[in-house]
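> here you go, sequence then predicted model.
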Amino acid sequence: MARYIDSRNVDSVTDDAAPTRPESFGQLVTAGLLTVAAVVLTNVALRGIAINLLDVSSSFAPLAWGAVITASVVVVAMATVAFGLLRRLSHHPVRHFRMLALVVVLVSLGGPLSANSEPGGSTMAVVVLVVIHLVSAAITVSLLPTLGRRR
């Protein structure tokens, strides 16, 4: 695939971009799978804390086991695809990935902030959903590019 190179500053483009780009599709997939595992385990733990220690209702649909695990897998898979595209199209894929992630997280917070009216919803349940969103984003934007670095 063609890469766009600024001929005035070729050394800085290749030096800056090379250490953060996965060398192969397989390495990107591995980074994505490891990130999925980290996010799912963290979110399941946060869900357990919320239900058992913070008195959040287990009938609150956004915190059901299936919802937490499915959302975690789907969102990190989409982030992996986005990072894969950015590493092919951008001179600074990590920086652009993190900017994109910030926008996506801010937009996605609309869901948790409006979930208070759902059955089993409470202020604490909304706080837990927001924390899960922010922790998932932090893990994804730090781990996915890091795992893809050349060795």
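The structure has been received and is ready for your questions.

> and for Ser24, the neighbour number?
Residues within reach of Ser24, counting by other CB atoms under 10 Å, total 10. (C-beta placed from N, C-alpha, C; glycine too.)

> sketch out the low-pLDDT regions of the protein for me.
Filtered on pLDDT under 70, the chain yields the residue ranges 1-23, 116, 148-151.

> that one: helices as residue ranges?
Applying DSSP state H to the chain gives helices spanning 10-17, 25-52, 65-89, 93-108, 110-113, 123-147.

> please identify the most buried of those helices.
Scoring the helices of the chain by mean neighbour count under mean count of other CB atoms under 10 Å gives helix 123-147 as the most buried, with a mean of 19.

> give me the angle between it and helix 65-89.
40 degrees (axes from the mean of the first three to the mean of the last three CA atoms, to 10 degrees).

> helices and strands around helix 123-147, which ones?
Helices and strands touching helix 123-147, by 3 or more CB pairs under 8 Å, 6 or more residues apart in numbering; DSSP states H and E, are helix 25-52, helix 65-89, helix 93-108, helix 110-113.

> which outside residues touch the shortest one?
Looking back up the chat, that one is helix 110-113. For helix 110-113, contacts defined as CB atoms under 8 Å, 6 or more residues apart in numbering pick out Pro62, Val126, Leu129, Val130, Ile132, His133.

> what about 6 Å?
Applying CB atoms under 6 Å, 6 or more residues apart in numbering, the contact partners of helix 110-113 are Val126, Leu129, Val130.
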